[in-house]
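[1] Fold the following for me, if possible:
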Amino acid sequence: MSPDTRAAVLSDRVLAELVRVADVDPGLLLTDFGRDGPLLGSRLARAEVLLTGWGCPPLDADALRRMPRLRAVVHAAGSVKQHVTEACWERGLVVSSAAAANALPVAEYTLAAILFANKRVLEAAHAYRAARAPVDPLRRYPGVGNYRRTVGLVGASRTGRRVLELLRPFDLRVLVHDPYADPAELASLGGEPCGLDELLGRSHVVSLHAPELPRTRRLLDASRLALMPDGATLINTARGSLVDTAALTRELVTGRLHAVLDHTEPEVLPAGSPLFDLPNVLLTPHVAGSLGGELDRLAVTAVEELERYARGVGFRYPVDPGRLAYSA
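    Residues are numbered from 1 along each chain as shown. Sure, this is the predicted structure:
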C-alpha cells in the first residue's frame, strides 16, 4: 500500500492486533514489488499472505514469481481490480476485500442525502441564507417530504443493498434496477425490481450504486436524464463515469433537476463549472466512503479476515473472480 494509506488505516491498535494474529514485521511497507535487494527478496519469498490497501501496485506474473509461497491477499479497502490481476487467479490465490465495510459509510451518506433531498433541505438553506428573513416552506416547497415518496436505486451492490436496509423504517417506495440481481431477493429486502427507464421516470430521488464498467459508462445520458420528473434529485456516490456530465450540467443549470454529487467526471470539476454555485446542487469531494475513524473499520475487517485464514476458516468476505466482470 502507499505510505499515506498505511498512516491513515493502520493505527497502533490495529498494528497490535495484526502482530497478534500473524508473523509480520509492522515496520515493513512495500510500495513496489520490483525493488531489488536480498533482504526484501527473502521476505517476499517467505510471504504467505499480503495485506494490501490503496496504492498497491499490480500483482502481475513478475511480482508473483518473487512470492512462490503466496496463497492469499487480504485487501483493507474496496475494489481489488487495480492490483489483483489474472495471474493471481491462475495461481489459485484466495482474496478478501473490505468492500462490505467501506459500503457502510457510503450507504449512510446516501440515506442522509435521500432524506434531505425529499425535504428540499439544501434549497431551503440557500433561500434562507439569501433572504435572511422568514421563509415560508409550505408556500415555497409544496408537496415535499419523505412520506410515500419513491426512491430509485440503480445497482444492488453491497452499498445499494445496505441503502435498502437503511430505508426500511421509512414510509418510502423503493425501486431497484440491477440486471444481475435476483428479483425475489430484491423483493425480500424491500425493493421493487424495475427496469432502468421506468425507474428513472417514477422516482423522486435516483441514487447510483452501479460499478464502473465499459457498459455502464454514461449510463445516464441526456435521453435518460430527460426521463426524470421535474424536481427529481440525482445522487451519485458511485463513479462519475456513470453520468454524462455535460448533459447533467445542462439539466441542473435550468433548475429542472437537483443533484448530490460525491463523484463527478472529471473527478475534480473545472474551477469554472457552474455546478459549484448552483443552489440545487451539493458537491462533496469524495467524502461518502470511509474517512477518519471509519478507516479503522476497514483495517479491523482485514485483520479479522487474516485471523480466519490463520485458523483455517474461509474468508467472510471473499472476492469471487467470476463476479468481477459485473461488479466493482
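
[2] What residue, apart from its backbone neighbours, is nearest residue 265 spatially?
    residue 240 (3.4 Å; CB to CB, 6 or more residues apart in numbering). Bear in mind the C-beta positions are built from the backbone N, C-alpha and C, glycine included.

[3] Confirm for me that that neighbour is in contact with residue 268.
    No - between residue 240 and residue 268 there is no contact under CB atoms under 8 Å: 10.0 Å.

[4] So between those two, which is more surrounded?
    residue 240 (20 against 10; other CB atoms under 10 Å).

[5] Now do the same contact list for the more buried one.
    Listed by CB atoms under 8 Å, 6 or more residues apart in numbering, the contact set of residue 240 reads 261, 263, 264, 265, 266, 267.

[6] let's go with 7 Å and repeat that
    For residue 240, the contact set (CB atoms under 7 Å, 6 or more residues apart in numbering) comprises 263, 264, 265, 267.

[7] Next, give phi and psi for it.
    For residue 240, the backbone dihedrals (degrees, to the nearest 10) come out as phi -60, psi -30.

[8] and the gap between it and residue 218?
    Using CB to CB, to the nearest Å, residue 240 is found at 10 Å from residue 218.

[9] low-scoring stretches of this structure, by residue?
    Low-confidence segments of the chain, defined by pLDDT under 70, are located at 35-38, 328.

[10] For it, which residue occupies the most central location?
    Of all residues in the chain, the one closest to the mean position by CA atoms, centre = their mean is residue 238, 5.3 Å from it.

[11] Could you tell me the phi and psi values at the spatially closest residue to it that is not a sequence neighbour?
    What sits nearest to residue 238 in space, not counting adjacent residues and going by CB to CB, 6+ apart, is residue 208, at 4.4 Å. For residue 208, the backbone dihedrals (degrees, to the nearest 10) come out as phi -90, psi 130.

[12] Which strand residues bridge residue 208?
    Beta bridges link residue 208 to residue 154, residue 236, judged by DSSP bridges.

[13] Tell me who's in contact with it.
    For residue 208, the contact set (CB under 7 Å, 6+ apart) comprises 154, 155, 235, 236, 238, 242.

[14] Would you mind putting the residues you listed into JSON lines with distance to residue 89 alongside?
    What follows is the contacts of residue 208, written out as JSON lines (distance: CB to CB, whole Å):
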{"residue": "154", "distance to residue 89": "28"}
{"residue": "155", "distance to residue 89": "24"}
{"residue": "235", "distance to residue 89": "34"}
{"residue": "236", "distance to residue 89": "31"}
{"residue": "238", "distance to residue 89": "25"}
{"residue": "242", "distance to residue 89": "27"}
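
[15] Okay then, goodbye and thanks.
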